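Colleague: model this:
(chains A and B)
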Number of protein chains: 2
Amino acid sequence: LGDGLFETIRFRHGRADRLDRHLARLRAGAGLLALPVPADDAMLETAIAALVAANGLGETALAQARITLTRGPAPRGVLPPDRPLPTLLVTAGPAAEPGPARVVVAGVTRRNELSPLSRVKSLNYLDNILARQEAAGRGADDALLLNTAGRIAESTIANLFLLLDGVLATPPVADGALPGIMRELVIERTGAVERPIGPQDLARAEALFLSSSLGLRAVVELDGAACGGEAAALVARVAAACR
Amino acid sequence: LGDGLFETIRFRHGRADRLDRHLARLRAGAGLLALPVPADDAMLETAIAALVAANGLGETALAQARITLTRGPAPRGVLPPDRPLPTLLVTAGPAAEPGPARVVVAGVTRRNELSPLSRVKSLNYLDNILARQEAAGRGADDALLLNTAGRIAESTIANLFLLLDGVLATPPVADGALPGIMRELVIERTGAVERPIGPQDLARAEALFLSSSLGLRAVVELDGAACGGEAAALVARVAAACR
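Modeller: Reported below is the predicted structural model:
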């Protein structure tokens, strides 16, 4: 039933980026789902570091670890057991700096900003998969999701930032944007503002980029048309501010 | 990522109810997800029957089998592999005739009728889990989900039927109701009509019941108030028509 949560954490030369914020978000999601986290932060931190080292990633320039927390085994049915035995899984592997992205606005589905799940990193990812499949079919790397009101929420794996009339902006969480860790950092470091973004704003933006915990990606193509020549330079500036 | 589908099939005295419709729905969902079904209908039918027999359910008055189809193993990321190796799992166990239900209208989340996932039985069930947890917290057996427009879609595990001004009605699939196999049968056998149902219709309904492949349940309490004294008799009549 996709009854769980995950976090993807970037490692640079063996050091985790903002693990404290990832663990705080994991616990917030677990609170929403009433899902016990079977380890304290120190234990998780130790386990993840040990795994990254054991996988030979201690010196790797860019790596990632993924924490997956599920409700664990349960009988058939929708109501979780009173005393679940959650499954906690950590995997780690190398990562690559994400390159420039061609994106489309997904037509196949919508983000449900009226569900609290839009604000936690749950394992219910099928809408994102459908949109990503649509993107692949249209020759793009990622898809932007509209929410139920027709406003932009985010992409299937990243938040969206736009330079609009010289102001850096990003869709609000209330519009269905996941409260991304990198998104939060970009807002803190650049003073970017949260504001509702309509499809028409995409076309007139001076530049667009995507942000995820693995990095920032300039958007170089939108629905098949080249866009935002300034995006690469903007990404370089913002990335420098968010180290 | 909840990247899969499931079906729950009722067995009575070792015989499957409407297995052909369940398999057709499974294939329709697999088509949406571009997920290959690694067995033909005859193979699935044989396997399910063999499992039911092997589990000693061949003479059991009421049993159920569940088919789960997932994308199978894949690397990290949202885009499924080009050539997935799907996992197909069948389980079977005894079932109980569902009794009368106390229901609430969920406040925690909404059904996203703008996603095609609302029309297939996917493994993305967290919104339903949240609503069911809310129901349990409010002393109820199940919760009705509003869609993004504020109309009733269905419950967390069943479709809803209402007797309204003497006419049996059920929310349309376009409003976020899963196209349930039992729902379809009730419509065929009783002439029930699909029409948008608002929360205000619930209060004035002469009777309400829930339908799932495991049976029909009279709704005896709605948001804490007793309701629909006629529901039990209506359920008996409709169930007799849908054998």
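
Colleague: which parts of chain A sit against chain B?
Modeller: Taking Cβ under 8 Å from any Cβ of the partner chain as the measure of proximity, chain A contacts chain B at A:1-3, A:8, A:32-34, A:64, A:66, A:76-80, A:91, A:93, A:108-110, A:112, A:114-117, A:122-130, A:132-133, A:136, A:148, A:156-157. Yep, even glycine has a C-beta here, placed from its N, CA and C like the rest.

Colleague: where exactly do the helices run in chain A?
Modeller: Per DSSP state H, chain A carries helices over the ranges A:19-33, A:41-54, A:126-137, A:181-190, A:199-204, A:231-241.

Colleague: Would you mind putting those helices into CSV with mean pLDDT alongside?
Modeller: As requested, the helices of chain A are arranged in CSV below (pLDDT from 0 to 100):
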stretch, mean pLDDT
helix A:19-33, 98
helix A:41-54, 97
helix A:126-137, 98
helix A:181-190, 98
helix A:199-204, 95
helix A:231-241, 96
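
Colleague: And these: which comes nearest B:Leu51?
Modeller: Distance to B:Leu51, taken as Cβ to Cβ, is lowest for helix A:126-137 among these, at 26.7 Å.

Colleague: Please spell out which residues along that closest one are buried.
Modeller: Within helix A:126-137, the residues scored as buried using 16 or more other Cβ atoms under 10 Å in any protein chain shown are A:126-136.

Colleague: before we move on, the earlier item: out of the helices of chain A, which comes closest to B:Arg183?
Modeller: Relative to B:Arg183, the nearest member of those by Cβ to Cβ is helix A:126-137, separated by 21.9 Å.

Colleague: Kindly reformat the helices of chain A as TSV containing distance to A:Pro98.
Modeller: TSV is the format used below for the helices of chain A (distance: least, Cβ to Cβ, whole Å):
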stretch	distance to A:Pro98
helix A:19-33	18
helix A:41-54	20
helix A:126-137	14
helix A:181-190	11
helix A:199-204	19
helix A:231-241	10
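
Colleague: Residue of chain A nearest chain B, please.
Modeller: Nearest residue of chain A to chain B: A:Gly2, at 2.6 Å (Cβ to the nearest Cβ).

Colleague: hang on, that residue packs against B:Leu130?
Modeller: No - in this structure, A:Gly2 is not within contact of B:Leu130 by Cβ atoms under 8 Å, at 11.9 Å.

Colleague: ok, A:Leu216 - how many residues close by?
Modeller: Other residues within reach of A:Leu216, judged by other Cβ atoms under 10 Å in any protein chain shown, total 22.

Colleague: what's the pLDDT at it?
Modeller: For A:Leu216, the model assigns a pLDDT of 97.

Colleague: pretty sure it is touching A:Met182, no?
Modeller: Yes - applying Cβ under 8 Å, one finds A:Leu216 in contact with A:Met182, separated by 7.4 Å.

Colleague: Can you work out which residues contact both of these two?
Modeller: Both A:Leu216 and A:Met182 are in contact with A:Cys242, where contact means Cβ atoms under 8 Å, 6 or more residues apart in numbering or on different chains.

Colleague: quick one, strands of chain A?
Modeller: Remark: strands assigned in chain A by DSSP state E are A:4-12, A:15-16, A:63-70, A:87-94, A:101-105, A:142-146, A:152-155, A:159-164, A:167-170, A:193-194, A:207-212, A:215-222, A:225-226.

Colleague: list the helices and strands the longest one packs on?
Modeller: Strand A:4-12 is packed against helix A:19-33, strand A:63-70, with contacts defined by 3 or more Cβ pairs under 8 Å, 6 or more residues apart in numbering or on different chains; DSSP states H and E.

Colleague: which of those is buried the deepest?
Modeller: Across the helices and strands packed on strand A:4-12, averaging neighbours per residue (mean count of other Cβ atoms under 10 Å in any protein chain shown) puts strand A:63-70 on top, at a mean of 21.

Colleague: Can you get me the centre-to-centre distance for it and its chain?
Modeller: Taking the mean of its C-alpha atoms, strand A:63-70 sits 13 Å from the chain's own mean (Cα atoms, centre = their mean, to the nearest Å).

Colleague: Sheet-wise, list the partners of it with their directions.
Modeller: Paired with strand A:63-70 in the same sheet, following DSSP bridges, are strand A:4-12 (antiparallel), strand A:87-94 (antiparallel).

Colleague: Let me know the angle separating that strand from helix A:19-33.
Modeller: Here strand A:63-70 points in a direction 20 degrees away from that of helix A:19-33 (axes from the mean of the first three to the mean of the last three Cα atoms, to 10 degrees).

Colleague: Which residues does strand A:63-70 contact?
Modeller: Residues outside strand A:63-70 that contact it (Cβ under 8 Å, 6+ apart): A:3-12, A:14, A:16, A:22, A:26, A:30, A:35, A:37, A:44, A:48, A:51-52, A:55, A:57, A:86-95, A:123, A:214, B:76.

Colleague: Now list the buried members of these.
Modeller: By 16+ other Cβ under 10 Å, the contacts of strand A:63-70 give A:3-11, A:16, A:22, A:26, A:30, A:35, A:37, A:44, A:48, A:52, A:57, A:86, A:88, A:90, A:92, A:95, A:123, A:214 as buried.

Colleague: coming back round to it: which one of the strands paired with strand A:63-70 lies closest to B:Arg243?
Modeller: strand A:4-12 (39.0 Å).

Colleague: as a whole number, average confidence for that closest one?
Modeller: 97.

Colleague: quick one: contacts of that strand?
Modeller: Strand A:4-12 is contacted from outside by A:16-19, A:22-23, A:25-26, A:29-30, A:33, A:35, A:48, A:52, A:57, A:60-71, A:86-87, A:92, A:95, A:120-123, A:212-215, B:76, using Cβ under 8 Å, 6+ apart.

Colleague: how far off strand A:207-212 does it point, in degrees?
Modeller: Using the same axes, to 10 degrees: strand A:4-12 against strand A:207-212 is 110 degrees.

Colleague: Could you check how far A:Gly224 is from A:Gly198?
Modeller: Distance from A:Gly224 to A:Gly198, counting by Cβ to Cβ, to the nearest Å: 19 Å.
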